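Enquirer: Let me see the structure of the following:
(4 chains)
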Number of protein chains: 2
Amino acid sequence: MNDIVADQFPAVTAAAARRLMAAAVDSFSERGYHATTTRDIATAAGMSPAALYVHFPSKAAVLAAISRNGHEQALALVESAAAGPGDPPARMRVLVTEMAAWHATRHQIARIVQYEINALPSADYATVADLRLRTERVVRALIAEGVASGQFDCDARTAARAVLSLCVDIARWYTTGATPKPLELGSRYAELVISMLGGR
Amino acid sequence: MNDIVADQFPAVTAAAARRLMAAAVDSFSERGYHATTTRDIATAAGMSPAALYVHFPSKAAVLAAISRNGHEQALALVESAAAGPGDPPARMRVLVTEMAAWHATRHQIARIVQYEINALPSADYATVADLRLRTERVVRALIAEGVASGQFDCDARTAARAVLSLCVDIARWYTTGATPKPLELGSRYAELVISMLGGR
DNA sequence: TAGCTTACTAAGCGCTTGCTTAGCCACTGA
DNA sequence: TCAGTGGCTAAGCAAGCGCTTAGTAAGCTA
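Expert: Numbers count the residues shown, from 1 in each chain, chains lettered A, B, ... in the order given. You can find the predicted model right below:
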């Protein structure tokens, strides 16, 4: 867990802050933000309740740090796949494989990213909403490109929603140790998506 | 809102109990179960905080009533579509159209059904987990039937997950008044699913 | 070695939570 | 006519909440 969090939050260098974030990820993803108390987080990180406030100004700031980082990673992943080499179907294969695998491997963080947006303070909400919009646009543009080249046959708007739904919803049901493993799941979903889009 | 709840909960005859459930659906779906207070629910139903306890033994019982009912409806819908007339692709079209449309029309209830399972008392959780399992099995069996008849070409387990993900995830992003309208969205998704499953 | 900073804890404040209690009032049936 | 019943409210309790305060102890700087 701490390993995942360590490479999820490279910017957070203080070991104590990282332990707090790891504990918050565990609890937010399992019980939800509102059902998690600041005492839960601090205790799980091996500290007294007040220690959280040395590193974060509020409980909501911990959520915002987790959510923002997760959204940035997902967007980066989608952008790099869409800008990669190959024709639209090849790039879509990479995009879905990686996006699906990310939501499986990081299902705890992904759950927070997808299901706790409404708990964000409004400034953080705005930041995150922008990242989400950009993510959707990248997917829609790649599908539109495939439609233009005659390799896909579908409505780009609806199909983009469907592709993202498939990937995102993995966070809801995937559990550590589930089969298939994230990458295998990703490539199976990629095949489903390619035929869904009417691709060759 | 009250109309939807009235035909969602036909068994709940008392008008006051129905108003309470309607208020709970609004608040649970918008803010989440844990962020909703019993005072929120009672006040929105135009009553004093204590009135809730005349009709329900606890806040969790209100959630359980909403969740159980929603799960039963979704299962009934899926079962009747799968047992309907026509070959597997025809029945799958009906299933996806109706399941998607239900998650759009009833997106508030669907959100509670899909995202508040962990807040249920364990007895209700068990009931609901069984309904969910049965729902997935029906979809998987229909896909397997289509694979056997040579009309689908995919792995039934993975594909069943994908089909349900598409429908379920609608609850996360759909809002009242969104386009396309529920039935139109449903039939577009049905087409996507048919080609996803490798169907003719 | 004095003075300052950083990371932490023990204690607890003010408030909100789910839920209970005691009682009121309109209605019902005998 | 009047006891009984069902649906409701005003008031409030105990527990738990996010967060603050005051202080300690260890480490750095000069």
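
Enquirer: CA atoms for contacts and neighbours, from now on please.
Expert: OK.

Enquirer: Are the longest helix belonging to chain A and DNA strand D in contact anywhere?
Expert: The helix of greatest length in chain A, counted in residues with DSSP state H as the criterion, is given as helix A:122-148. No: no part of helix A:122-148 sits close enough to DNA strand D to count as contact by CA under 7 Å from any atom of the strand; the gap is at least 13.9 Å.

Enquirer: how near is the closest residue to residue A:99 other than its chain neighbours to residue B:165?
Expert: For residue A:99, the nearest residue in space outside its immediate sequence neighbours is residue A:167; the separation is 6.1 Å by CA to CA, 6 or more residues apart in numbering or on different chains. Separation of residue A:167 from residue B:165 (CA to CA, to the nearest Å): 9 Å.

Enquirer: Looking at these two, which has the bigger crowd around it?
Expert: The neighbour count for residue A:167 versus residue B:165, taken as other CA atoms under 10 Å in any protein chain shown, is higher for residue A:167 (25 against 20).

Enquirer: Contact partners for the more buried one?
Expert: With contact set as CA atoms under 8 Å, 6 or more residues apart in numbering or on different chains, residue A:167 has these partners: A:96, A:99, A:100, A:103.

Enquirer: hmm, back to that, which residues do residue A:167 and residue B:165 both contact?
Expert: In terms of CA under 8 Å, 6+ apart, residue A:167 and residue B:165 are not both contacted by any residue.

Enquirer: host element of the residue positioned nearest the centre of chain A?
Expert: Residue closest to the mean C-alpha point of chain A, counted by CA atoms, centre = their mean, is residue A:110 at 4.1 Å. Assigned by DSSP states H and E, residue A:110 falls within helix A:107-115.

Enquirer: contacting residues around that helix?
Expert: A:25-26, A:28-30, A:32, A:66-68, A:70-71, A:103, A:168, A:170-172, A:174-175.

Enquirer: can you pull the alpha-carbon coordinates of it into CSV?
Expert: As requested, C-alpha coordinates have been extracted for helix A:107-115 and formatted as CSV (Å, rounded to 0.1, in the frame of the first residue of the first chain):
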residue,chain,number,x,y,z
HIS,A,107,-8.8,0.8,-7.7
GLN,A,108,-8.7,2.4,-4.3
ILE,A,109,-7.5,5.8,-5.6
ALA,A,110,-9.8,5.4,-8.7
ARG,A,111,-12.8,5.0,-6.4
ILE,A,112,-12.0,8.2,-4.6
VAL,A,113,-11.4,10.0,-7.9
GLN,A,114,-14.7,8.8,-9.4
TYR,A,115,-17.0,8.7,-6.4
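
Enquirer: re earlier: the next helix or strand after the longest helix of chain A: which residues count as buried?
Expert: Past helix A:122-148, heading to the C-terminal end, the next element that is a helix or strand (DSSP H and E) is helix A:156-173. Using 16 or more other CA atoms under 10 Å in any protein chain shown as the burial criterion, the residues of helix A:156-173 that qualify are A:156, A:159-172.

Enquirer: Name the residues of stretch A:72-83 that are buried.
Expert: If you call a residue buried by 16+ other CA under 10 Å, then stretch A:72-83 has these buried ones: A:74, A:75, A:77, A:78, A:79, A:81, A:82.

Enquirer: ok, now which ones touch the second one?
Expert: When you say that, I think you mean residue A:75. Taking CA under 8 Å, 6+ apart as the contact definition, residue A:75 lies against A:131, A:132, A:134, A:135.

Enquirer: buried subset of the residues you listed?
Expert: Applying a neighbour-count criterion of 16+ other CA under 10 Å, the buried members of the contacts of residue A:75 are A:131, A:132, A:135.

Enquirer: From the residues you listed, pick out the ones that also neighbour DNA strand C.
Expert: Checked against DNA strand C using CA under 7 Å from any atom of the strand, the buried ones among the contacts of residue A:75 yield no neighbours at all.

Enquirer: just curious, which of these is nearest to chain B?
Expert: Within the buried ones among the contacts of residue A:75, proximity to chain B (CA to the nearest CA) peaks at residue A:132, which comes in at 11.7 Å.

Enquirer: Might one say that that closest one is in contact with residue A:70?
Expert: No: counting by CA atoms under 8 Å, residue A:132 sits too far from residue A:70 to count as a contact (10.8 Å).

Enquirer: which residue sits closest to residue A:121, ignoring its sequence neighbours?
Expert: Of all residues beyond its chain neighbours, the one nearest residue A:121 is residue A:60 (6.9 Å), with distances taken as CA to CA, 6+ apart.

Enquirer: does any bit of the helix or strand containing the one you found sit next to DNA strand C?
Expert: Remark: residue A:60 resides in helix A:59-82, with elements defined by DSSP H and E. No: using CA under 7 Å from any atom of the strand, no contact is recorded between helix A:59-82 and DNA strand C, whose separation bottoms out at 13.7 Å.

Enquirer: any idea which helix or strand comes after that helix?
Expert: Going down the chain from helix A:59-82, the next helix or strand is helix A:88-105, by DSSP H and E.

Enquirer: Would you mind checking the average pLDDT for that next one?
Expert: Computed over helix A:88-105, the mean pLDDT rounds to 98.

Enquirer: next one: stretch A:149-160
Expert: Across stretch A:149-160, the average pLDDT comes to 97.

Enquirer: cool, and stretch A:62-77?
Expert: Taken as a whole, stretch A:62-77 has an average pLDDT of 97.

Enquirer: returning to that earlier point: how near is the residue nearest to residue A:121 to residue B:118?
Expert: Between residue A:60 and residue B:118 the distance is 21 Å, computed by CA to CA.

Enquirer: who has more neighbours, these two?
Expert: Taking other CA under 10 Å, residue A:60 and residue B:118 do not tie; residue A:60 has more neighbours (16 against 12).

Enquirer: List the buried residues in stretch A:174-194.
Expert: Of all the residues in stretch A:174-194, those buried under the rule 16+ other CA under 10 Å are A:174, A:182-183, A:185-194.

Enquirer: So what's the gap between it and the chain middle?
Expert: 15 Å (CA atoms, centre = their mean, to the nearest Å).
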